[in-house]
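Participant: sequence and predicted model, in that order:
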Amino acid sequence: MYRIMLDTNVLVDYYLGREPGCSACKRIIELSNGSHALYVAAVSLKDVYYLVGATLKRLQRLEAGTLTESDALACTEIAWSCVRNAMEVALVANTGRRECLDAIVYRSVHNDFEDNLVLAAARSSEVDIIVTCDERLAQHSPMGALSPQALVRLLEADRLA
């Protein structure tokens, strides 16, 4: 059994239907069900909420030329639903003081505080693999890091073995 941290960008691709990440994330969730533990950093949930809501509002403005109050409320409700869904499919990894201090320490290898919080939450949760679309994060990760597509291949191969 693998313990897998889903990076924020993987979740955002999934909820916004952006390919190829969306299909890969959907497959990761299917393959993990009952076989592997999925995690999401608590700080990622606020980013999922914000990015999904803001993106849907921007897309509505582009398509319709305006954003009505009911459109904005619908986009916000979808963002809330994405957060709830993420909490249903994954365990939430805490990000408290210890993780914040670890994120500062990780700065010497990776100069992105938000990414470092995800790394620190993964470390605290004893995660085996971080799945991310961020190549820089993958290069600097102190634990194994794979793209969503690479993780799907690994999980499918393990399933056949």
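Facilitator: All right, it came through fine. None of these values were measured; they are calculated from a predicted model.
Participant: bridged to the nearest residue in space to residue 141 that is not next to it in sequence, which residues?
Facilitator: What sits nearest to residue 141 in space, not counting adjacent residues and going by Cβ to Cβ, 6 or more residues apart in numbering, is residue 130, at 5.5 Å. Every C-beta, even on glycine, is put in place using the N, C-alpha and C of the backbone. Beta bridges link residue 130 to residue 5, residue 145, judged by DSSP bridges.
Participant: can you map out the helices along the chain?
Facilitator: 8-16, 21-32, 42-64, 69-89, 97-105, 113-124, 135-140, 148-160 (DSSP state H).
Participant: tell me what the fifth one is packed against?
Facilitator: Meaning helix 97-105. Of the remaining helices and strands, those touching helix 97-105 by 3 or more Cβ pairs under 8 Å, 6 or more residues apart in numbering; DSSP states H and E are helix 113-124.
Participant: right, and the residue nearest to residue 141 touches residue 140 too?
Facilitator: No - in this structure, residue 130 is not within contact of residue 140 by Cβ atoms under 8 Å, at 10.6 Å.
Participant: these two: which has the busier surroundings?
Facilitator: residue 130 (28 against 18; other Cβ atoms under 10 Å).
Participant: possible to save the helices of the chain as TSV with mean pLDDT?
Facilitator: Shown next, in TSV, are those (pLDDT from 0 to 100):
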stretch	mean pLDDT
helix 8-16	96
helix 21-32	93
helix 42-64	97
helix 69-89	97
helix 97-105	96
helix 113-124	96
helix 135-140	92
helix 148-160	92
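Participant: okay if I get those as CSV plus distance to residue 1?
Facilitator: Formatted as CSV, the helices of the chain follow (distance: least, Cβ to Cβ, whole Å):
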stretch, distance to residue 1
helix 8-16, 19
helix 21-32, 9
helix 42-64, 22
helix 69-89, 16
helix 97-105, 23
helix 113-124, 16
helix 135-140, 22
helix 148-160, 10
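Participant: which residue lies farthest from the center of the chain?
Facilitator: The C-alpha centroid of the chain is most remote from residue 65, which lies 30.3 Å away (Cα atoms, centre = their mean).
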